[in-house]
Structures are given as structure tokens and as C-alpha cells.
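K.L.:
The following block contains a protein sequence and its predicted model.
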Amino acid sequence: MAPFTRFHVLALLLILSGCTRGWNAQTHLFRAEGAYDKAHEMRKKSGTSSQRLKLYQTACDEFAKAYETDTSAFTLLRIEMASDACFRVGDLDRREMFLEFEEIYVEEHPDEVRYGDAFPALEA
């Protein structure tokens, strides 16, 4: 068996410290955004409806996994994308979940609503 490297030690520390929750959510969001963007591009170009629906379903599923993992990884735009993806595949329960989350998020993040998710850069 190979000896532990610095990478192994770092990975073990991250797992033990609980930092992986945020990374897991980011991974799900990355997959969700990729699928959503592909499906959205297919609307403009070629692609069948069933291909788009598969991608929107993947996006809805991945957004839901990210939500279950760590809601703090979301931005307003991501919540809107999640709601739209779930709506397009007819998953109304998840859509409602994201709409309720959006209401709470808007109240808690008024600057993002006003300026977008790049607002901290405007203050510098």
C-alpha cells in the first residue's frame, strides 16, 4: 500500500472537518448549470424536445441535490434557474420548494436583489 501523501492528509482533514459539504453542493451546482445551459442553448439551435427535457431533468435533480447538501451555495440566479428547470419538466413540488426558497433568499439578501450577485465588487 502506498504511503500517505500531503494530498491524502489534506483530503482526510477536509472530510473530517466537514468542509466537503460546500464542495459537494458546488459540484452539484456545476453539473446543474451545465445541463441547464446546454438545454437552453438547444432551444436556439437544433435538438429534440426529449433531449432538452432530459437535460432540464438533470439540472432539476442536481439543483435539488445541491439544495439538500448546502443552501448557502446558492445565488438568486441559481435559484431562478433551478425553479425554471423543475418547471420545464413538470416537477411542481421541487419548483414550489425553490420558489419558497427564493422568497426567503430575497428577504435575506436585499443587496443581491438590487445589484446582482457581483454587488461586493461595486463597493470596492
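P.N.:
Great, that's in hand. None of these values were measured; they are calculated from a predicted model.
K.L.:
which residues touch the nearest residue to residue 31 once chain neighbours are set aside?
P.N.:
The shortest distance from residue 31 to any non-neighbouring residue, by CB to CB, 6 or more residues apart in numbering, is to residue 62 (4.5 Å). Just so you know, the C-beta spots here come from the backbone N, C-alpha and C atoms, and that holds for glycine as well. Residue 62 sits next to 28-29, 31-32, 35 when contact means CB atoms under 8 Å, 6 or more residues apart in numbering.
K.L.:
separation between residue 62 and residue 114?
P.N.:
Distance from residue 62 to residue 114, counting by CB to CB, to the nearest Å: 28 Å.
K.L.:
center of the protein - which residue?
P.N.:
residue 29 (3.0 Å; CA atoms, centre = their mean).
K.L.:
Could you find the closest non-adjacent residue to that residue?
P.N.:
In space, and not counting its chain neighbours, residue 29 is closest to residue 66: 4.8 Å by CB to CB, 6+ apart.
K.L.:
That neighbour: what's it in contact with?
P.N.:
For residue 66, the contact set (CB under 8 Å, 6+ apart) comprises 25-26, 28-29, 32, 73-74.
K.L.:
Could you point out the longest helix of the protein?
P.N.:
Longest helix of the chain, by residue count under DSSP state H: helix 20-44.
K.L.:
List the buried residues of it.
P.N.:
24-25, 27-29, 31-33, 35-36, 38-40, 42 (16 or more other CB atoms under 10 Å).
K.L.:
Looking at the following helix or strand past that helix now, give me its mean pLDDT.
P.N.:
Counting by DSSP states H and E, the next helix or strand C-terminal to helix 20-44 is helix 49-69. Taken as a whole, helix 49-69 has a mean pLDDT of 95.
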